[in-house]
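Visitor: what would the 3D arrangement of this be:
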Amino acid sequence: RINAFIEEEVQRRLQTIHHMCGDNNNISLSQSTENLKLHNGTIQRKLKYERMVCRSGRANPDDLKDPIKISIPRYVLCGQGKDEHYEFEIKITVLDETWTVFRRYSRFREMHKTLKLKYPELATIEFPPKKLFGNKDERVISERRSHLEKYLRNFFSAMLKSPSSPLHLDKVGLTLSKHTICEFSPFFKKGVFDYSSHGTG
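Guide: Below you'll find the predicted structure:
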């Protein structure tokens, strides 16, 4: 269809050139043909760009096999004195969007307690227990980082499969996005719990 349109446009312009040549011999035929080639080149580039945009704007169904990737690459010590605590860096990738938030352990616990009431299936997921001693111990924190990462992966796996969850793949499918996740829980929203120098607490 596009080729037919281009061919039609070429014919129309050639006719215009012939008329112009008949009316005014000063206009060079080769110059007009050159202009036509330039114009057609622009159309081709535009169409190529539009096809590219359409392709990149459409999510790949294969992405839905593993639509949410989540990791806790590190933790940082924040605050001073009595307020000294560790915050875990959470890296979230949803299809082609990636962002990072920092959260302390108590925020994880709050989210788990709140959402467990709404989605009973989360009660079956093991949540890393609170430790009475050794909260500042590097070994304990490193272990906690690994447990929290495992918890978040199990959490999203359960929410993507749960029919009662707004993240259920049959509901959101290819429209799953950073916005969907942040609407689901402010825990994943950047700029919420804004206490630390890292932007979030």
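
Visitor: what pLDDT is listed against Q44?
Guide: The per-residue pLDDT reported for Q44 equals 52.

Visitor: that should have said E34, apologies.
Guide: The score at E34 is 54. That number is its pLDDT.

Visitor: in a helix, L160, correct?
Guide: Yes - residue state for L160 (DSSP: H, G, I helix; E, B strand; the rest coil) corresponds to a helix.

Visitor: surely it meets P166?
Guide: No - with contact defined as Cβ atoms under 8 Å, L160 does not reach P166; the gap is 10.6 Å. (Each C-beta comes from the backbone N, C-alpha and C, glycine too.)

Visitor: which of the two has more neighbours?
Guide: With neighbours defined as other Cβ atoms under 10 Å, L160 and P166 compare such that L160 has more, 19 against 12.

Visitor: distance check, the more buried one against F187.
Guide: 16 Å (Cβ to Cβ, to the nearest Å).

Visitor: E126 too?
Guide: Taken as Cβ to Cβ, the span from E126 to F187 is 18 Å.

Visitor: repeat that for S177.
Guide: Counting by Cβ to Cβ, the gap from S177 to F187 is 16 Å.

Visitor: can you check R139 too?
Guide: For R139 relative to F187 (Cβ to Cβ), the value is 26 Å.

Visitor: okay, these two: which has more neighbours?
Guide: Just comparing R139 and F187: by other Cβ under 10 Å the higher neighbour count belongs to F187, 21 against 8.

Visitor: just the element for the closest residue to the more buried one other than its chain neighbours, please.
Guide: Closest residue to F187 apart from its sequence neighbours, by Cβ to Cβ, 6 or more residues apart in numbering: M111 at 4.3 Å. For M111, the element it lies in under DSSP states H and E is helix 105-118.

Visitor: next SSE after the helix or strand of the chain with the lowest mean pLDDT?
Guide: For the chain, the helix or strand with the lowest mean confidence is helix 29-57, at a mean of 48 (criterion: mean pLDDT, DSSP states H and E). Downstream of helix 29-57, the next assigned helix or strand under DSSP H and E is strand 68-78.

Visitor: partner strands of that following strand, parallel or antiparallel?
Guide: If you go by DSSP bridges, strand 68-78 pairs up with strand 85-94 (antiparallel).

Visitor: in the strand it pairs with, what's buried?
Guide: Going by neighbour count (16 or more other Cβ atoms under 10 Å), the buried part of strand 85-94 is H85, Y86, E87, F88, E89, I90, I92, V94.

Visitor: list of residues touching it?
Guide: 67-79, 98-105, 108, 136, 141, 144-145, 148, 152, 176-178, 180-181, 188, 196, 198, 200-201 (Cβ atoms under 8 Å, 6 or more residues apart in numbering).

Visitor: quick check: PyMOL command selecting the buried ones in those residues.
Guide: Command for PyMOL that selects the buried part of these, burial taken from 16+ other Cβ under 10 Å:
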select buried, resi 67+68+70+72+75+78+101+102+103+104+105+108+141+144+145+148+152+176+177+178+180+181+188+196+200+201
